[in-house]
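1. Provided below for reference: sequence and predicted model.
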Amino acid sequence: MGIVQRVLAALIALAVFAAALVFASIALGIILVIALIAWGWLTWRGRKLRGRSAVVVEGEYREYREYRDGQEVRRIALDESTERREAP
């Protein structure tokens, strides 16, 4: 292998490496833009949820499932003395 072939091989290797670096940089930029758009969209959609506070009810309950006329009716017994009926 002559010196000219070695120099050409080195130049071609550098050109391929540079092309791969450019491609990777462009791909990373596109991925970052997509991630930024997704983050902004999720933040915008979730802004209503930040103002809500959760209601915590302490105690025990039992859930019973009944079927009447083909529909499920849930019966929740609270503190074993109070019952409340809810639609599913």
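-> Arrived safely, thanks for sending. Residues are numbered from 1 along each chain as shown.
2. sec struct for E66, please.
-> Here E66 is recorded as strand under DSSP: H, G, I helix; E, B strand; the rest coil.
3. Which pLDDT value goes with the spatially closest residue to it that is not a sequence neighbour?
-> Closest residue to E66 apart from its sequence neighbours, by C-beta to C-beta, 6 or more residues apart in numbering: V73 at 4.8 Å. Every residue, glycine included, has its C-beta placed from N, CA and C. pLDDT for V73: 73.
4. burial count for V73?
-> 14 (other C-beta atoms under 10 Å).
5. helix or strand for it, which one?
-> strand 71-78 (DSSP states H and E).
6. Ok, A35 next?
-> Assigned by DSSP H and E, A35 falls in helix 3-45.
7. coming back round to it: surely the residue nearest to E66 touches Y67?
-> Yes - here V73 reaches Y67: they are 7.2 Å apart, a contact under C-beta atoms under 8 Å.
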